[in-house]
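[1] structure, please.
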Amino acid sequence: MPLPAATDAGVYFIGTIRTPWKLRSECPKRGSPDGPMCSIVVDERWRDALTNIGDHPRLQVLYWMHQARRDLVAQTPFRTGKTTGTFALRSPVRPNPIASSVVELVGIDGTTLHVRGLDCLDGTKLIDLKPDRGSLAT
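    Predicted structure coming up:
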């Protein structure tokens, strides 16, 4: 499907995510609470926004999947072989490639959060962080 001529809103990237995965083929389909240690490096200008984040053992991380296609309205996952609408899938291919992971907060070093549970490429741009009030899926 052709994309609209212009975007409707802007996004401020607030940091960068560091993971062991350099290629999309290396990324897990879903993060795991026992996965590798990853880092979320929040830009210094947002330091004060991290106040009391350590009070939350789990965080929802929103990030921009910069290598994902944006033009498919239907996809056929290998898992099911059934053609399905993009909005009924967790695929990274979507009009706005925003992803969400719930991670375990392991530690904080200045503006760097050490976490487990991510599933994105190294260098992925961070959109937002929120405390998670649910439980980690296993």
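[2] how about Gly107, phi and psi?
    Backbone torsions for Gly107, taken as degrees, to the nearest 10, come to phi -170, psi 170.
[3] which one is it nearest to, not counting chain neighbours?
    Spatial nearest neighbour of Gly107, excluding adjacent residues (CB to CB, 6 or more residues apart in numbering): His114 at 4.2 Å. All C-beta atoms are positioned from the backbone trio N, CA, C, and that covers glycine.
[4] doesn't Val93 make contact with Gln75?
    Yes: using CB atoms under 8 Å, Gln75 is in contact with Val93, at 6.2 Å.
[5] hang on, the earlier thing: quick one, what contacts the residue nearest to Gly107?
    By CB atoms under 8 Å, 6 or more residues apart in numbering, His114 lies in contact with 37-39, 105-108.
[6] that one should be in a helix, yeah?
    No: applying DSSP: H, G, I helix; E, B strand; the rest coil, one finds His114 to be strand, outside a helix.
[7] bridging residues for it?
    Note on His114: beta-bridge partners by DSSP bridges are Ser39, Gly107.
[8] please report how far it lies from Met37.
    Applying CB to CB, to the nearest Å, the value for His114 to Met37 is 6 Å.
[9] what do the two both touch?
    Val106.
[10] which stretches of the protein form strands?
    15-18, 37-42, 58-64, 74-75, 84-85, 98-109, 112-116, 124-131 (DSSP state E).
[11] distance to Gly31 and mean pLDDT added to these, as CSV?
    Formatted as CSV, those follow (distance: least, CB to CB, whole Å; pLDDT from 0 to 100):
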stretch, distance to Gly31, mean pLDDT
strand 15-18, 11, 97
strand 37-42, 9, 97
strand 58-64, 9, 95
strand 74-75, 21, 88
strand 84-85, 22, 90
strand 98-109, 5, 94
strand 112-116, 8, 97
strand 124-131, 12, 96
